[in-house]
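Peer 1: Curious how this folds, go ahead:
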Amino acid sequence: MKLGLQLGYWGAQPPANVPELIAAAEAEGFDAVFAAESWGSDAFTPLAWWGSSTERVRLGTSVVQISARTPTSTAMHALTLDHLSGGRAILGLGVSGPQVVEGWYGQPFTKPLARTREYVSIIRKVLSREEPVTSDGPHFPLPYTGPGSTGLGKPLKPITHPLRADIPIWLGAEGPKNVALTAEIADGWLAIYYSPRLAPMYNEWLDEGFARTGARRSREDFEVAATCQVIVTDDRAAAIAGLKPITALYVGGMGAPELNFHAQVYTRMGYGEQVEEIGRLFRAGRKDEAAAVVPDEMVTETMIIGNVDEVRADVKRWADAGVTMLLVSCRDADHVRELSAAVLG
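Peer 2: Take a look at the predicted model:
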């Protein structure tokens, strides 16, 4: 099992202790550091700025929203970061959701799977640098010849030769079709709210993608990086209680009532009744009551909580289920060292 440090995205202000966290992660054997974006800080700049002090850890986006940039722009960001880091970049991509895509980026959210496939295909053409990049679209046509075009668009190759033509592309995916697509066209899966209990179901989705003609990877060389809060504690009950408001936020408040991917994940786990009630209470502003509806199992299914022996047993269970990396958040350097000792030994 590998560990990845998840820096996430910023709140109202940049976090103050990130250099300390990254230095500890590299010293303690973490495999990678990841940054995210929502509608504030971006994912690439923190990796370039703070990652400049590192020598070994991989630097990944978890995730870059595909509606935020054209595929050629994202490819430029990735090849630049890969050069600056000496070949340590991981490009993690995700579709986000309709509230952000249409409300913040002003793009339609329709056909997310088709858009993802086309987006990744163009990025791979840029990175291969075998010929000028063209795309028939319909989502990202190159050159553009539609309404308002001058007709002067020209297929281009990147001026800068990519350091690696095969920069790993990982996809954030939650539903069965998206996970299957990930196994087909990507090098890794960024899994959120992963539950080892449902590994047989996930494996069916992944195997469908691996079996498709032209699939890039097989299970043997495909990475599964699961977001997983790991808490080493002798007071398991208190830790679970403290995490219920966060679970309620994502289930009840992170997405439109008509389309909340996080809520759908927990519904697939068998918590449909709780998901509906949490959403109803959260949307009514009754957040404490929404958190109270969250059963302990909704927390412990997707997180690892307990004393050192319990944590190590659970890490093995997650590894046996197919997870190759745990993406963890840490509050300080001591927390980084604690998780390294518990998970990596």
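Peer 1: For the rest of this, base every contact and every neighbour count on C-alpha atoms.
Peer 2: Will do.
Peer 1: which residues of the stretch 101-250 of the chain fall in helices?
Peer 2: Along the stretch 101-250 of the chain, counting by DSSP state H, counting those that start in this stretch, helices occupy 112-128, 176-185, 199-210, 236-253.
Peer 1: Point out the other helices and strands that the very next helix or strand once past the last one packs with.
Peer 2: The one in question is helix 236-253. Note on helix 236-253: by DSSP states H and E, the next helix or strand toward the C-terminus is helix 261-268. Where contact means 3 or more Cα pairs under 8 Å, 6 or more residues apart in numbering; DSSP states H and E, helix 261-268 is packed against helix 236-253, helix 272-283.
Peer 1: count of residues packed around residue 205?
Peer 2: A count of nearby residues for residue 205, using other Cα atoms under 10 Å, gives 20.
Peer 1: how close does the closest residue to it other than its chain neighbours get to residue 220?
Peer 2: Using Cα to Cα, 6 or more residues apart in numbering and skipping the chain neighbours, the partner closest in space to residue 205 is residue 180 (5.0 Å). Distance of residue 180 to residue 220, given as Cα to Cα, to the nearest Å: 16 Å.
Peer 1: Tell me which of those two has more neighbours.
Peer 2: With other Cα under 10 Å as the criterion, residue 180 and residue 220 differ in neighbour count, and residue 180 comes out ahead with 24 against 6.
Peer 1: quick one: contacts for the more buried one?
Peer 2: Shown in contact with residue 180 (Cα atoms under 8 Å, 6 or more residues apart in numbering): 205, 206, 207, 208, 209, 210.
Peer 1: now swap in residue 239 and tell me
Peer 2: Shown in contact with residue 239 (Cα under 8 Å, 6+ apart): 231, 233, 305.
Peer 1: Just put those in CSV and tack on distance to residue 21 and pLDDT.
Peer 2: Output for the contacts of residue 239, formatted as CSV (distance: Cα to Cα, whole Å; pLDDT from 0 to 100):
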residue, distance to residue 21, pLDDT
231, 16, 95
233, 20, 96
305, 21, 96
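Peer 1: I'd like to know which of these are buried.
Peer 2: For the contacts of residue 239, a burial check counting by 16 or more other Cα atoms under 10 Å picks out 231, 305.
Peer 1: So which of the contacts of residue 239 belong to strands?
Peer 2: Secondary structure from DSSP state E places 231, 305 of the contacts of residue 239 in strands.
Peer 1: pLDDT below threshold where in this protein?
Peer 2: 255-259 (pLDDT under 70).
Peer 1: what's the distance between the spatially most central residue of it and residue 43?
Peer 2: The centroid of the chain falls nearest to residue 62 when counting by Cα atoms, centre = their mean (3.8 Å). According to Cα to Cα, residue 62 stands 8 Å off from residue 43.
Peer 1: And for residue 75?
Peer 2: 14 Å.
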